[in-house]
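*Asks:* Could you look at this predicted model? Sequence included:
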Amino acid sequence: MRSRVLCYIVLASGALALGVLLGRFLIGGNEIVVPEAVAQGGGRLTIKELQEFSSFPVFWLGEEYQGLSITDISYVRDQGPPDGGRPPIESVTIIYGACDPGPPELGEGGCVPPLQIITDRFCLNRPSFLAQAARKGLPFEVRDAQAQQTQSGWLHLYTGESTVAVFSTEGDGATLQAANALQGANAQGRARTSDTTASLDAPMREEDCVDIAFPTLIPVVTPTATPTTTIP
Amino acid sequence: MWRVFVLAVMVFLALGLGSPIMADEGEWPKHKPADFNADCVIDIIDMQMIAFRYGVYWPNPLYENRFDLDPYMTNGQYDYDIDIKDLQKVWGRSGFTCLMFLDPETSMGQYSYRAETPTGPGTNCDTQPVTTPPGSSYYVDPVTVVFYQDATQLHLERWAQGHGFPVLEYDDEQRFWELGNCSFEDVDAGENEGGCNPTGDPVWCPVVDVWERMHFRAELAGEESTTHITWGTFEVATAHFDDDNNLCGHYVPQVYPYPERIYLGFSGSGFDAGREWVQIQNGGSYTFEYWGNRTTIYQRCGNNQYPRSNGWVYLIPIN
């Protein structure tokens, strides 16, 4: 009797594992599930929301690049400080691949994902903004776009109305290789670069930038901090 | 051939040691061509890069103008060979750093980094190679604030305690890459003692949201006696907001959860919130620069967060 029950348990476990595997296969292993976008200020985007994004041309490396699938897509729009000091922020960040932060005893450091692409509005991240101390070497051209390396390992491509920043933990060569594989992610991006062999637009003139005025935001009420609840 | 090279180097060293190049303030641009890998220090790496090309002439593929330093560094002309005089330009400047020459374009301290081994008391920077940058996969919190003018360790600690960061720690938690060397934090200041496990096991926050805090770590550039031509005595800082989680400790959130505490329309990560909070606490004048330090630092704690800085750095004078 006991051995029959054990047999049922083993069979049921096997069926469950097979079901999970089949389910993942049918759904598609590369599909990413991310929370819905936050209405104000930004948040995470799905691939569909990224492709429908319409504020400015956004670039990416497709849903997968050299075996690295997308692990996070996020959008941020920040008004800038009320003193009008630094400019506002509007950008889309796409993370490819995962990393392992290691055991907790290494501290809170986290880890750097292998490949990152950030697309900004050109006027909010234009060549003259980058501090001299942050530049590495002289500007050059990549697929006709203006390119500039930074001291922290990024490659900035200034193209049309966008600034595309590329970063790879594999170093400058891999970063440049990724920059050469950029293509449009949304309709505005695809209109400029249909495939990875096409050249990119030269950047728009900085003199043509006008002040960006984001819509006035309604203050968001933040929930009060949870009262001191002791965890059992 | 290699014997000739070694002999030539020995002859050069004998000559070079007898006639050291004198370092004058504001001269880094004159020496910069010898810093081939542009890491702000002329060291063994630069020596290896030019020694590898010793004896080549144009149009040998190994020949590159940027290694042809003599007479270029004197009159801007190339002589299309890499000979002993070119090597002398590098060896004679061994150990020179951009900060020595008070160059405002220093690339010092633009990122902090983790180590292979646990950080904290008892560890030291020598566990990492100190003559080469640790590599981007070692990046941790981005530098987003520069305290300058007279930002000695004592002055910054005093500033922190009077501006909403009263709790100081001395635990050497974070390492910085500074002028070709590993260096530990000098100031570590927070709103509260932070952490989620201040008294012992188990590793979780005993109380929800109580151990959240604004926090920064700072690194004094060079020595207190070394000053920057425009910043004076300065420290670079990695400001951030630590969110807490009762299961895994604390983390820097991808989206700061209390934007109205910063300003209307604020949106950003815990790194962005930390930088803005430092300036809010400062309340006085400040300037800003765009360094583009935007590398995402994945945080497993907090259910997979991908925070990054927006790349802006605030420069805050303190005395």
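*Replies:* Okay, I see it.
*Asks:* hang on, A:Pro113 in a strand?
*Replies:* No: counting by DSSP: H, G, I helix; E, B strand; the rest coil, A:Pro113 is located in no strand; its state is coil.
*Asks:* Tell me who's in contact with it.
*Replies:* A:71-72, A:95-99, A:169, B:296, B:298, B:306 (C-beta atoms under 8 Å, 6 or more residues apart in numbering or on different chains). All C-beta spots, glycine's among them, are computed from the backbone N, C-alpha and C.
*Asks:* what's the longest strand in the chain?
*Replies:* Assuming you mean chain A. Secondary structure assigned by DSSP state E gives strand A:68-78 as the longest strand of chain A.
*Asks:* not quite, I wanted chain B
*Replies:* Counting residues, the longest strand in chain B under DSSP E turns out to be strand B:235-245.
*Asks:* starting at the chain centroid, how far to stretch B:303-316?
*Replies:* On the basis of C-alpha atoms, centre = their mean, to the nearest Å, stretch B:303-316 sits 16 Å off its chain's mean C-alpha point.
*Asks:* picking that back up, please name the strands paired to the longest strand of chain A in the sheet, noting orientation.
*Replies:* Sheet pairing for strand A:68-78, assigned by DSSP bridges, gives strand A:42-44 (antiparallel), strand A:64-65 (antiparallel), strand A:89-96 (antiparallel).
*Asks:* now the first one: mean pLDDT?
*Replies:* Averaging pLDDT along strand A:42-44 gives 80.
*Asks:* If you count contacts, what does the helix or strand that it is followed by end up packed against?
*Replies:* Downstream of strand A:42-44, the next assigned helix or strand under DSSP states H and E is helix A:47-51. Helices and strands touching helix A:47-51, by 3 or more C-beta pairs under 8 Å, 6 or more residues apart in numbering or on different chains; DSSP states H and E, are strand A:68-78.
*Asks:* If we go by neighbour counts, what in the strand it packs on is buried?
*Replies:* A:68, A:70-78 (16 or more other C-beta atoms under 10 Å in any protein chain shown).
*Asks:* one step back: for the contacts of A:Pro113, which two are the farthest from each other?
*Replies:* Greatest spacing in the contacts of A:Pro113, by C-beta to C-beta: A:Asp72 and A:Thr169 (15.5 Å).
*Asks:* Can I take it that A:Leu157 is in a helix?
*Replies:* No: A:Leu157 sits outside any helix when classified using three-state DSSP, being strand.
*Asks:* OK, contacts around it?
*Replies:* Applying C-beta under 8 Å, 6+ apart, we find A:Leu157 in contact with A:142, A:145-147, A:163-166, A:179, A:182, A:200.
*Asks:* Over to B:Glu64?
*Replies:* B:Arg53.
*Asks:* and what of B:Asp46?
*Replies:* Neighbour list for B:Asp46: B:34-37, B:90 [criterion: C-beta under 8 Å, 6+ apart].
*Asks:* Grab the nearest non-local neighbour of B:Asn51.
*Replies:* Not Asn; residue B:51 is Ala. In space, and not counting its chain neighbours, B:Ala51 is closest to B:Leu87: 6.7 Å by C-beta to C-beta, 6 or more residues apart in numbering or on different chains.
*Asks:* swap that for A:Pro82, sorry
*Replies:* Residue nearest to A:Pro82 in three dimensions, not counting chain neighbours: B:Tyr263, with 5.2 Å by C-beta to C-beta, 6+ apart.
*Asks:* Doesn't that neighbour belong to a strand?
*Replies:* No: counting by three-state DSSP, B:Tyr263 falls outside a strand, being coil.
*Asks:* can you list the weak-confidence ranges in the chain?
*Replies:* Using chain A here. Scanning chain A for pLDDT under 70 picks out A:1-42, A:103-109, A:211-232.
*Asks:* um, chain B though
*Replies:* Scanning chain B for pLDDT under 70 picks out the ranges B:1-27, B:99-109, B:116-133, B:179-180, B:195-210, B:223-226, B:246-247.
*Asks:* rerun that using 80 as the cut-off
*Replies:* Across chain B, residues meeting the criterion (pLDDT under 80) sit at B:1-29, B:38-40, B:97-110, B:114-135, B:173, B:177-182, B:194-211, B:222-230, B:244-249.
*Asks:* Just the strands from it, written as ranges.
*Replies:* For chain B, the strands defined by DSSP E cover B:111-113, B:139-142, B:145-150, B:167-168, B:175-178, B:181-184, B:187-190, B:213-220, B:232-233, B:235-245, B:249-251, B:287-290, B:312-318.
*Asks:* likewise chain A?
*Replies:* A:42-44, A:59-60, A:64-65, A:68-78, A:89-96, A:115-121, A:135-142, A:145-150, A:155-159, A:162-168, A:183-184.
*Asks:* Highest mean neighbour count out of those?
*Replies:* Sort the strands of chain A by mean neighbour count, taking mean count of other C-beta atoms under 10 Å in any protein chain shown, and strand A:162-168 sits at the top with a mean of 27.
*Asks:* what packs against that one?
*Replies:* strand A:115-121, strand A:155-159, helix A:172-179.
*Asks:* could those go into JSON lines alongside distance to B:Glu289?
*Replies:* Listed next are the helices and strands packed on strand A:162-168 as JSON lines, based on distance: least, C-beta to C-beta, whole Å:
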{"stretch": "strand A:115-121", "distance to B:Glu289": "17"}
{"stretch": "strand A:155-159", "distance to B:Glu289": "15"}
{"stretch": "helix A:172-179", "distance to B:Glu289": "23"}
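*Asks:* so which of the ones you listed gets nearest A:Pro88?
*Replies:* Of these, nearest to A:Pro88 by C-beta to C-beta is strand A:115-121, at 8.8 Å.
*Asks:* Paired strands for the closest one, with orientation please.
*Replies:* strand A:89-96 (antiparallel), strand A:162-168 (antiparallel).
*Asks:* Contacts only, for B:Gly283.
*Replies:* Contact partners of B:Gly283, counting by C-beta under 8 Å, 6+ apart, are B:His163.
*Asks:* So it versus B:Thr152, what's the distance?
*Replies:* Plainly put, B:Gly283 is 21 Å away from B:Thr152 if you go by C-beta to C-beta, to the nearest Å.
*Asks:* one step back: indicate which one of the strands of chain A is closest to B:Asn310.
*Replies:* strand A:89-96 (4.9 Å).
*Asks:* Do a quick rundown of the helices in chain B.
*Replies:* Along chain B, the stretches classed as helices by DSSP state H are B:2-18, B:28-31, B:44-51, B:72-75, B:84-91, B:153-162, B:270-282.
*Asks:* ranking these by burial, who's on top?
*Replies:* For the helices of chain B, the largest average neighbour count (mean count of other C-beta under 10 Å) is found in helix B:270-282, namely a mean of 24.
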